[in-house]
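Asker: below are the sequence and a predicted model; questions follow.
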Amino acid sequence: MQGKKVGVTVTEHLLRQQRLTPQATGAFTLLFNELVVAAKLINRELNKAGLNDIYGFTGDINVYGEQVQKLDDYAHRVLVRRLSQSEQLCAMASEEDADIIEIPSTVPHGPYILLMDPLDGSSNIDVNVSVGTIFSIRRRLHEGGPVTLEEVLRKGTEQVAAGYFIYGSSTMLVYTTGQGVHGFTLHPALGEFFLSHENIRMPKRGKIFSINEGNYNYWDEGVRRYVDYLKTPDVSKGRPYTSRYIGSLVSDFHRNLLKGGIFMYPADRKDPKKPSGKLRLMFEAAPMAMVAEQAGGAATDGVRRILDIEPQTLHDRVPLFVGSQEDVDEAGRFLRGEAP
Ligand SMILES: O=P(O)(O)OC[C@H]1O[C@](O)(COP(=O)(O)O)[C@@H](O)[C@@H]1O
């Protein structure tokens, strides 16, 4: 890529970004480096998952009533163990834990709160399809004392950084601190992430739609009409779109980030216990929304901007429409019944 210094590591890139924020203390860079180390440990375990009896379930049920996969649990424990010793956090929250995870009082506390989906794409873990780790970082509101739920339950606009690791044919890190979206690829032999995708821009409109069509009959009419529209041939408008659905949010999002398109997990009537769809606002939708918007894309729940949604609980679910700006706008028109 033009103008890119070959071999820029994550730390170098962070330090460069840090220079752009005068009040920076280095705390964020230290925190981020711990996140990178944890992801390398998870990546190593995933790469040999079939050889070390780490497929299958732990026997536990998580806060969503789902069976916990051994690798979900492993990734959760690695992240909690590494990050709780980072001295840069005052609290954590994980998709795999019902409550806020406190930082031991024996460790110096820092200004940041980390939210994470330790292993996204659980249904693909055992079948060697790419999965990921999603993270969202916020600053605490005030110094000292235990972190309250109010301090964690804040809109996505208050994220200071967000991104994901994708464990696929290559292992990548994609992140934003509000200064564009940048991608790094792990050099397996050197064990270092190097800048490979600087300042990623999502195409304004794509040709790909990603949705679990198996739920078609449970969707609202607006969603059904939009998906039917995308499949209706109109060469002048670039339709029909191509359907691609991996079933790992990180992987489906990453493809659309680079190629354009729209990922959708709408609300559906399939499970009365999940009227707002499946995906989690704090651990999945908000971080992906920050990355999407920073790359020139958009993210809504069909009506509201994801980043403007005020969370009510740690484990809120929201419908998610994320991807190229023009595609997300068009989906919104169908959901509001404004489209032809
Ligand atoms: O199997 P479904 O219903 O299509 O759901 C797939 C979606 O669920 C998820 O696996 C949910 O995430 P977790 O794996 O973190 O539970 C997303 O990655 C993916 O987009």
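Answerer: It's in.
Asker: and the average pLDDT for stretch 96-104 is what?
Answerer: Across stretch 96-104, pLDDT averages out at 95.
Asker: buried stuff in it?
Answerer: 96-97, 100-101, 103 (16 or more other Cβ atoms under 10 Å). Bear in mind the C-beta positions are built from the backbone N, C-alpha and C, glycine included.
Asker: how about that stretch, does it reach the ligand?
Answerer: No. Stretch 96-104 stays out of contact with the ligand when judged by Cβ under 6 Å from any ligand atom, the minimum separation being 8.8 Å.
Asker: okay, the buried residues of stretch 96-104 in TSV with secondary structure and distance to Gly332 next?
Answerer: Formatted as TSV, those follow (DSSP: H, G, I helix; E, B strand; the rest coil; distance: Cβ to Cβ, whole Å):
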residue	secondary structure	distance to Gly332
Glu96	coil	32
Asp97	coil	33
Ile100	coil	33
Ile101	strand	35
Ile103	coil	40
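Asker: out of those residues, who's nearest the ligand?
Answerer: For these, the minimum distance to the ligand (Cβ to the nearest ligand atom) is 8.8 Å, reached by Glu96.
Asker: ok so, going back, from the buried residues of stretch 96-104, pick the one nearest His197.
Answerer: Glu96 (28.8 Å; Cβ to Cβ).
Asker: thinking that closest one is in contact with Val78, fair?
Answerer: No. Counting by Cβ atoms under 8 Å, Glu96 sits too far from Val78 to count as a contact (11.5 Å).
Asker: what do the two both touch?
Answerer: Pro118 (Cβ atoms under 8 Å, 6 or more residues apart in numbering).
Asker: where is the longest helix in this protein?
Answerer: If you go by DSSP state H, the chain has its longest helix at helix 27-47.
Asker: which secondary structure elements does it sit against?
Answerer: Helix 27-47 sits against helix 10-19, helix 70-84, strand 112-120, strand 131-139, strand 159-167, strand 171-176, with contacts defined as 3 or more Cβ pairs under 8 Å, 6 or more residues apart in numbering; DSSP states H and E.
Asker: residues making contact with the longest one?
Answerer: If I follow you right, that is helix 70-84. For helix 70-84, contacts defined as Cβ under 8 Å, 6+ apart pick out 31, 34-35, 37-38, 41-42, 45-46, 49, 54-58, 60, 62, 89, 92, 94, 96-97, 101, 103-104, 107, 114, 116, 118-119, 122, 125, 133.
Asker: do the same with the shortest one
Answerer: Residues outside strand 171-176 that contact it (Cβ under 8 Å, 6+ apart) are 10, 32, 36, 39, 43, 161-166, 181-186, 188, 193, 196-197, 200, 254, 257, 290-291, 294-295.
Asker: so how many other residues sit close to Thr150?
Answerer: Rather than Thr, residue 150 is Glu. Per other Cβ atoms under 10 Å, the neighbour tally for Glu150 reads 8.
Asker: what do you get for the one 3 residues further on?
Answerer: Leu153 is surrounded by 17 other residues when neighbours are defined as other Cβ under 10 Å.
Asker: okay, the nearest residue to Glu326 once chain neighbours are set aside and Lys237: tell me how far apart.
Answerer: Spatial nearest neighbour of Glu326, chain neighbours left out: Arg205 (4.1 Å); criterion: Cβ to Cβ, 6 or more residues apart in numbering. Distance, Arg205 to Lys237, by Cβ to Cβ, to the nearest Å: 10 Å.
Asker: pick out whichever of the two has more residues nearby.
Answerer: The neighbour count for Arg205 versus Lys237, taken as other Cβ under 10 Å, is higher for Arg205 (19 against 11).
Asker: that one and Ala331 touch, don't they?
Answerer: No. With contact defined as Cβ under 8 Å, Arg205 does not reach Ala331; the gap is 11.8 Å.
Asker: by contact count, what packs against the helix or strand just after the longest helix of the chain?
Answerer: Later in the chain than helix 27-47, the nearest helix or strand by DSSP states H and E is strand 57-61. For strand 57-61, the packing partners by 3+ Cβ pairs under 8 Å, 6+ apart come out as strand 67-69, helix 70-84.
Asker: please repeat the previous calculation with a cut-off of 6 Å.
Answerer: Counting contacts by 3 or more Cβ pairs under 6 Å, 6 or more residues apart in numbering; DSSP states H and E, strand 57-61 packs against strand 67-69.
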